[in-house]
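S.K.: mind folding the following:
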Amino acid sequence: MKIVIIGGGPAGRSAAMGAAQLEANVTLIEKKHIGGTCLHEGCMVICGFNDVVKFYQDSEKFQKMGIIPQKHLIDYSQVADGIKKVTRKIENVLKHETRESGVEIVTGEVSRVSQENVVANGKEHSYDRLIIATGARPFIPPINGAEHALTYKDVLDLKNVPENLNIVGSGVIASEFAGIFASLGSNVNILCRGQFLKNLDDEIKEYVVKNLLNGVNVHENVKVNEITRENIITSNGEIKGLSFLATGMTPNTEIIKGMVKMGSKGHIEVNKQMQTSNPSIYAAGDVVNTVNNTPVARMEGLVAARNACGISSTMDYHLIPQSLTLYYPVSFLKTESKKASNEFDVRIRGSAGPGSFWNVLDGNTGLTKLSTNIENGEITGAYSISPSSRTSMPYLAKMIKDGYKTFDFDDFIESHPSTDALYKLLHFLAKYG
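M.R.: Numbering: from 1, shown residues only. As a prediction, this is how the structure comes out:
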C-alpha cells in the first residue's frame, strides 16, 4: 500500500507514523516545517511565552513581598528568538522520530494533485491512498484596512511589546494572547462581535476575566468598521493601538479543490472514518474543521491512516477535553446531556500546592466546578482553573466515557501535595452527594 500524506503538522505526522507502523509505504510531503502551526506558530509558542509571563508575574509578586530585591525585566526579542530556537530543536526531534518509524519526508510545495499522483518539487509521487492534512491559516475578515493587523503568524517577528494592542476575536487565541501581552505591559482591548469565551460556564468566565485577564478590557457585541496602522474604528468609537486578528481559521484546501466535496466554510467534508467523497482520499486536522485541537488532529490522522490501510477505525468526538493557556490552565469538559432538574453544581476554590502556594495571600488560587446528576451520579460537566487542571481533565473524560459515576470515587486517593480540586469534589460527592 502506497500512501502519500500532504502536511507535516500533528494530523499529518500522526497519520504518517500510524500508516508506517501498519507496513505501508509512506511519503510525507511538508512545505516548510514538520510540526505545523501547533509547534511553530500556535500552542508551543503560547507555552513559551506563558512560561516567561508566569516567571515575570511571580517575580513582581516576590519583589513586593521582599523575597527578591527587584522585579526582573523582559527582553521581548530575546524571548521570541529563544522560542524559535526551542521549536527548531523540537522539530529536529520530530523529524528523527518520523523517519525512524519508516516514513520518507519530502520538503517542498505541492504543485498538483491528481487521482493517481502528487507532484512536489517537480517530482511525481504515486499513491494508492492520499491523506490531506494541510491545516489552516488565520481567517482575515472583510474589514477595511485588515491588512494592517497582525495575526498569530506575526508575533515572533515583533521587536517590542506594543504599548496598545486591540485584539479582534472572542475565543481561545484572543484570550491567550491578551493574557500574554497584558502581562508584559501592553494596554489590551478585546473586541468581540458577540459574547467573549461563549463555551465557558459563566462563573468560570467571570473568574478568568477578573483574575487571569486582569487589566484586559473586554468589549462584547462590538462591530469593527476599519483598521489603520495606528488605531481601530468600532461601532463604539475609535481606539488607539496596533490591531491583532484572532477571528478564526480558513482551511488550506486550494490544492484539492474539485477532487473532493467541500463544506460551507471551505473545509473538506469527511465521514467518521475521515474519508472524503473520493474513496481514495482521506483528510484530517484543521482542514476538516471539526475541533481545532492538536490531540483531536492527531487522533483524526491516526483514524485516517488506519482506514486507508484497510483497518476499520472511527473518530469519536464525544467528551473532548479543552483548555486555555493562561497563568493557570483553564480546562473544561462538557457532556452532551441536556441540563436536567436534578442536575447539581458543586464548586471549590483552589488550594495551596505546587504552582499556587504563594497565591494564597491574594486569594487567587483558582476555581473548580462540577455538574452532576444527583440521582444517578452521572458527571455532566467539569471546569477547573488550577496548575494541574490540564493533566487531570483528560483522565476525567476517559473515566466518564468508561461509565464512572461520582460514587466510584469514594475510595480515591490522590498524590500529595496537589492542587487538583476535581477529585476533591468527586470524593465529596461520593460520600455526601
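
S.K.: pLDDT-wise, which helix or strand of the protein ranks last?
M.R.: Comparing helices and strands within the chain by mean pLDDT, DSSP states H and E singles out helix 422-432 as the least confident, with a mean of 84.

S.K.: same for that one, what does it pack against?
M.R.: Counting contacts by 3 or more Cβ pairs under 8 Å, 6 or more residues apart in numbering; DSSP states H and E, helix 422-432 is packed against strand 343-349, strand 367-373, strand 379-385, helix 389-401. Backbone N, C-alpha and C define where each C-beta goes, glycine included.

S.K.: closest to residue 208 out of those?
M.R.: The closest approach between residue 208 and any of the helices and strands packed on helix 422-432, judged by Cβ to Cβ, belongs to strand 379-385 at 7.2 Å.

S.K.: returning to that earlier point: contacts for the least confident helix or strand of the chain?
M.R.: With Cβ atoms under 8 Å, 6 or more residues apart in numbering as the test, helix 422-432 has contacts from 346-348, 351, 368, 370, 372, 377, 379, 382, 384, 389, 392-393, 396, 406-410, 412, 414.

S.K.: so which residues of this protein form helices?
M.R.: Along the chain, the stretches classed as helices by DSSP state H are 10-21, 36-40, 43-64, 76-100, 172-183, 202-207, 294-308, 389-401, 422-432.

S.K.: so what does the spatially most central residue of the chain have for phi and psi?
M.R.: Nearest to the centroid of the C-alpha atoms of the chain, with distances taken as Cα atoms, centre = their mean, sits residue 293, at 4.9 Å. Per-residue torsions, residue 293: phi -150, psi 130 (degrees, to the nearest 10).

S.K.: can you say which of the contacts of helix 422-432 are buried?
M.R.: With neighbours counted using 16 or more other Cβ atoms under 10 Å, the contacts of helix 422-432 contain these buried positions: 346, 348, 351, 368, 370, 372, 377, 379, 382, 384, 389, 392-393, 396, 406, 409.

S.K.: between those, which is nearest residue 17?
M.R.: Lowest distance from residue 17 to the buried ones among the contacts of helix 422-432 (Cβ to Cβ) belongs to residue 393, with 25.6 Å.

S.K.: gap between residue 287 and residue 272?
M.R.: As for residue 287, its distance to residue 272 is 16 Å (criterion: Cβ to Cβ, to the nearest Å).

S.K.: hang on, I meant residue 346
M.R.: The span separating residue 346 from residue 272 equals 34 Å under the rule Cβ to Cβ.

S.K.: can you check residue 343 too?
M.R.: Taking Cβ to Cβ as the measure, residue 343 falls 29 Å from residue 272.

S.K.: could you dump the helices and strands packed on helix 422-432 to a markdown table with distance to residue 267 and mean pLDDT?
M.R.: Conversion of those to a markdown table gives the following (distance: least, Cβ to Cβ, whole Å; pLDDT from 0 to 100):
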| stretch | distance to residue 267 | mean pLDDT |
| --- | --- | --- |
| strand 343-349 | 34 | 90 |
| strand 367-373 | 31 | 93 |
| strand 379-385 | 28 | 93 |
| helix 389-401 | 25 | 93 |
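
S.K.: thought residue 96 was touching residue 105, still the case?
M.R.: No: Residue 105 is not in contact with residue 96 according to Cβ atoms under 8 Å; the separation is 10.3 Å.

S.K.: before we move on, back to that, for residue 333, find the nearest of the helices of the chain.
M.R.: When those are ranked by distance to residue 333, counting by Cβ to Cβ, first place goes to helix 389-401 at 5.4 Å.

S.K.: show me the contact partners of the closest one.
M.R.: 318-321, 323, 328-333, 335, 366, 368, 379, 382, 384, 408, 420, 422-423.

S.K.: what's the burial count for the nearest residue to residue 287 once chain neighbours are set aside?
M.R.: Across the structure, with Cβ to Cβ, 6 or more residues apart in numbering as the measure, the residue nearest residue 287 apart from its sequence neighbours is residue 251 (4.6 Å). Using other Cβ atoms under 10 Å, residue 251 is surrounded by 24 other residues.

S.K.: list the beta-bridge partners for residue 251.
M.R.: Using DSSP bridges, the beta-bridge partners of residue 251 come out as residue 136.

S.K.: residues contacting it?
M.R.: Here residue 251 is in contact with 134-136, 265-268, 286-289 (Cβ under 8 Å, 6+ apart).

S.K.: apply 7 Å and report the result again.
M.R.: In this structure, residue 251 makes contact with 136, 266-268, 286-287, 289, judged by Cβ atoms under 7 Å, 6 or more residues apart in numbering.

S.K.: next one: the residue nearest to residue 248 when sequence neighbours are not counted from residue 146, what distance?
M.R.: Counting by Cβ to Cβ, 6+ apart, residue 139 is the residue found nearest to residue 248 once chain neighbours are left out, at 4.2 Å. Using Cβ to Cβ, residue 139 is found at 10 Å from residue 146.

S.K.: go on, residue 123?
M.R.: 37 Å.

S.K.: rewinding a little: more neighbours: which of residue 343 and residue 272?
M.R.: The neighbour count for residue 343 versus residue 272, taken as other Cβ under 10 Å, is higher for residue 343 (16 against 12).
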